[in-house]
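Q: Predicted model, plus sequence, below.
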Amino acid sequence: MALPYAIHIKPNEDGTWTGEVPQLRGCVTYGDSKEEVLVLIEDAKETWLEACLHYGHPIPEAVYED
């Protein structure tokens, strides 16, 4: 669960934040602060990976982004 996937975090126009793991299709979360999104995206990543293991789907290899 500790694979080093890149995490993209960006502010939204309404003052909330979005966090995404681009290598894990659909692994996205939203929060009221950057700090909240950092916590929530780790939970989303873990849930995404657990679902892949449960259903036997392949898990993408983490790729370093510069």
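A: Thanks, I have it.
Q: Output the below-cut-off pLDDT ranges for this protein.
A: Low-confidence regions of the chain, defined here as pLDDT under 70, cover residues 1-2, 64-66.
Q: check contacts around the one residue sitting closest to the centre of the chain.
A: Nearest residue to the geometric centre of the chain (Cα atoms, centre = their mean): Val21, 3.7 Å. When contacts are counted by Cβ atoms under 8 Å, 6 or more residues apart in numbering, Val21 touches 5-8, 27-28, 41, 44-45, 48. From N, CA and C alone the C-beta is placed, and that goes for glycine too.
Q: 10 Å - rerun?
A: 3, 5-8, 27-29, 41-42, 44-45, 48-49, 60, 62 (Cβ atoms under 10 Å, 6 or more residues apart in numbering).
Q: wait, which of those is closest to Thr16?
A: Set against Thr16, the nearest of the contacts of Val21 by Cβ to Cβ is Thr29 (10.6 Å).
Q: if we can go back for a sec, most neighbours among the contacts of Val21, which one?
A: When neighbours are counted by other Cβ atoms under 10 Å, Ile41 leads the contacts of Val21 with 24 neighbours.
Q: Skipping its backbone neighbours, what lies nearest it in space?
A: Gly19 (3.7 Å; Cβ to Cβ, 6 or more residues apart in numbering).
Q: looking at this, that neighbour is in a strand?
A: Yes: per DSSP: H, G, I helix; E, B strand; the rest coil, Gly19 lies within a strand segment.
Q: Quick check, it in contact with Ile9.
A: Yes: contact status for Gly19 versus Ile9: in contact at 4.8 Å, counting by Cβ atoms under 10 Å.
Q: Would you mind giving the secondary structure of Tyr30?
A: Applying three-state DSSP: Tyr30 is strand.
Q: from memory it sits against Trp17, does it?
A: Yes: using Cβ under 10 Å, Tyr30 is in contact with Trp17, at 6.9 Å.
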